[in-house]
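*Asks:* the following block contains a protein sequence and its predicted model.
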Amino acid sequence: MTERCQRKKMRLDGYDYARCGVYFITICTNERKPLFWADVGAICDRPPTAPKLSPLGEIVKAEMLRLDETYEEVQVENYCIMPNHVHFLLLIQPDADGRTQFAPTISRAMKQFKGAATKKAGFPLWQKSFHDHIVRSQESYLDIWQYIDENPLKWQLDSLCKWEE
């Protein structure tokens, strides 16, 4: 009898994801299809700048930036849109009264973002779930910031890329 593979837990047990802090989020497209850059094409030399976003990439960008408007306590600190995934640093802050119990969880913010982008695209854009990393130090924050800034220039080397051969 074949045993079924257990899906790896994506969230840290016992951690309150509505807690104030900074989170590094990665979300991949459905089947890791390269949908978000205007012209990915065949593998070529490293581009000097990130390619122009496709219409779907523009939808994703607009919805990502709307998270700040949808949830007052959520702020997109930095982001990059890759051909088949997105990365961003998300800050959850206390509300105006200093309370966090009304702040959205990371899961709620991601559900809102993914749902709004999918609705505008008109077809399923995303893989199930997302990857998150709780940023716990200034050094880690700066490393992730740099990674986000440099990632579009290293797209060929990215382990999440799935290119046609």
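*Replies:* Yes, it's here. All figures in this text were calculated on a predicted structure; none of them were measured in a lab.
*Asks:* give the contact list for R66.
*Replies:* Contact partners of R66, counting by C-beta atoms under 8 Å, 6 or more residues apart in numbering, are A116. Where you see a C-beta, it was placed from the backbone N, CA and C, and this is true even at glycine.
*Asks:* next SSE after the host helix or strand of it?
*Replies:* Counting by DSSP states H and E, the element that carries R66 is helix 55-70. Under the assignment DSSP H and E, the closest C-terminal helix or strand after helix 55-70 is strand 74-81.
*Asks:* that next one vs helix 55-70, what angle?
*Replies:* Relative orientation of strand 74-81 versus helix 55-70 (axes from the mean of the first three to the mean of the last three C-alpha atoms, to 10 degrees): 170 degrees.
*Asks:* for the next helix or strand after strand 74-81, packing partners?
*Replies:* From strand 74-81 onward toward the C-terminus, using DSSP H and E, the following helix or strand is strand 85-92. Contacting strand 85-92 under the criterion 3 or more C-beta pairs under 8 Å, 6 or more residues apart in numbering; DSSP states H and E are the following elements: strand 21-28, helix 55-70, strand 74-81, helix 106-121, helix 138-150.
*Asks:* change it to 6 Å
*Replies:* Packed against strand 85-92 by the contact rule (3 or more C-beta pairs under 6 Å, 6 or more residues apart in numbering; DSSP states H and E) you find strand 21-28, strand 74-81.
*Asks:* what does the last one rub up against?
*Replies:* By that I understand strand 74-81. Strand 74-81 is contacted from outside by 36, 57, 60-61, 64, 67-68, 87-89, 91-92, 109, 145, 148, 151-152, using C-beta atoms under 6 Å, 6 or more residues apart in numbering.
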